[in-house]
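K.L.:
compute the structure for the input listed below.
(one chain, ligands or ions: 1)
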Amino acid sequence: MTDTTNPSKTKIRWGELIIVWLILTVITLFGSLVVIPHLMPRPASSAMHLNILTMVVFSCTAAPVGSMVYAVGAYALRHWSGGSGAEPPSDGPPLRGSNPVTIVWLVVSTFLCVFLLIWGLGALATDASAAGHSTVTVDVTGQQWLWTYHYPGTSVTSQDLYLPEGKTVTFNVTSLDVVHGFWIIQMGVKIDANPGVSTTVSVTPDKLGVYDVKCTELCGIYHAFMTSSVHVVTPAQYQAWLQSQQA
Ligand code: CUA
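P.N.:
Numbering: from 1, shown residues only. As a prediction, the model looks like this:
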């Protein structure tokens, strides 16, 4: 029987702890690799593919760490909770001055943090390099509570956004009143629309279809209804649409 009153004298059952950890890790890895991509929106740009891959990689990286926390929690509940009416167990053995624990902790967390940092910088650089190949520009204006799109070089403005497939688009985003957030969900594009300032973001839509725009900053009573649609059409259809709007 386990000594529930003095865990410092209880030998830790490493085998049990490690098995629980491995089982939880397998479950969370399955969730990261299979469930997360399933829950994410249908991607319509390479940026969104990268976002989903980032979600998967970061979740996989976190899986063994989080699983260890839950495994230790489950182990403690099972062996050290003491049952109803029992005296609370005393503290476990202190780890202060334990070189192996310190070294493993520092090395593993440094490795994980540096990996995530390099991944993040790489993803930012990928997004930034897309902006350099931009061939289409759209001015995006947010206001309570709608989005307006203007296509520079034309007299066209629209409430639904039209984009040509396969062309890199740069959005110049601003606001007429309060801070809004311009988010094309399936393209992984999200940037604040600030009054008096123009922020830019670029994306290359790579799939024909209709996608969703939402506002991501709480901007007043109809914030939740500040939506619009993105129509990704072929470049020929895009030119035809622009001409039909100017006529
Ligand atoms: Cu605009 Cu919320």
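K.L.:
contact residues of this structure facing the ligand?
P.N.:
142, 145, 180, 215, 217, 218, 219, 223, 226 (CB under 6 Å from any ligand atom). Heads up, the C-betas are built off the backbone N, CA and C, glycines and all.
K.L.:
what about the residue nearest in space to the middle of the chain, distance to residue 153?
P.N.:
The chain has residue 55 as the residue nearest its centroid, 5.9 Å off, counting by CA atoms, centre = their mean. For residue 55, the distance to residue 153 equals 37 Å [CB to CB, to the nearest Å].
K.L.:
which residues are in contact with the closest residue to residue 75 other than its chain neighbours?
P.N.:
In this structure, residue 75 finds its nearest non-sequential neighbour in residue 17, 5.2 Å apart by CB to CB, 6 or more residues apart in numbering. Contact analysis of residue 17 by CB atoms under 8 Å, 6 or more residues apart in numbering lists 71, 72, 75.
K.L.:
most surrounded residue in those?
P.N.:
In terms of neighbours by other CB atoms under 10 Å, the contacts of residue 17 top out with residue 71 at 21 neighbours.
K.L.:
that one touches residue 26, doesn't it?
P.N.:
No. Using CB atoms under 8 Å, residue 71 is not in contact with residue 26, being 11.9 Å away.
K.L.:
could you look up the SS state of residue 147?
P.N.:
Each residue gets one of three states, and residue 147 gets strand by DSSP: H, G, I helix; E, B strand; the rest coil.
K.L.:
same check, this time on residue 87
P.N.:
coil.
K.L.:
cool, residue 231 as well?
P.N.:
Using three-state DSSP, the structure places residue 231 in strand.
K.L.:
next, count neighbours for residue 108.
P.N.:
For residue 108, the count of nearby residues is 12 (other CB under 10 Å).
K.L.:
let me see the backbone angles for it.
P.N.:
The phi/psi pair for residue 108 (degrees, to the nearest 10) reads phi -70, psi -50.
K.L.:
that older thread, let's see the pLDDT reported for the residue nearest to the centre of the chain.
P.N.:
On pLDDT, residue 55 comes in at 92.
K.L.:
where does it fall, secondary structure wise?
P.N.:
Element membership of residue 55, judged by DSSP states H and E, is helix 46-80.
K.L.:
residues contacting residue 16?
P.N.:
Per CB under 8 Å, 6+ apart, neighbours of residue 16: residue 75.
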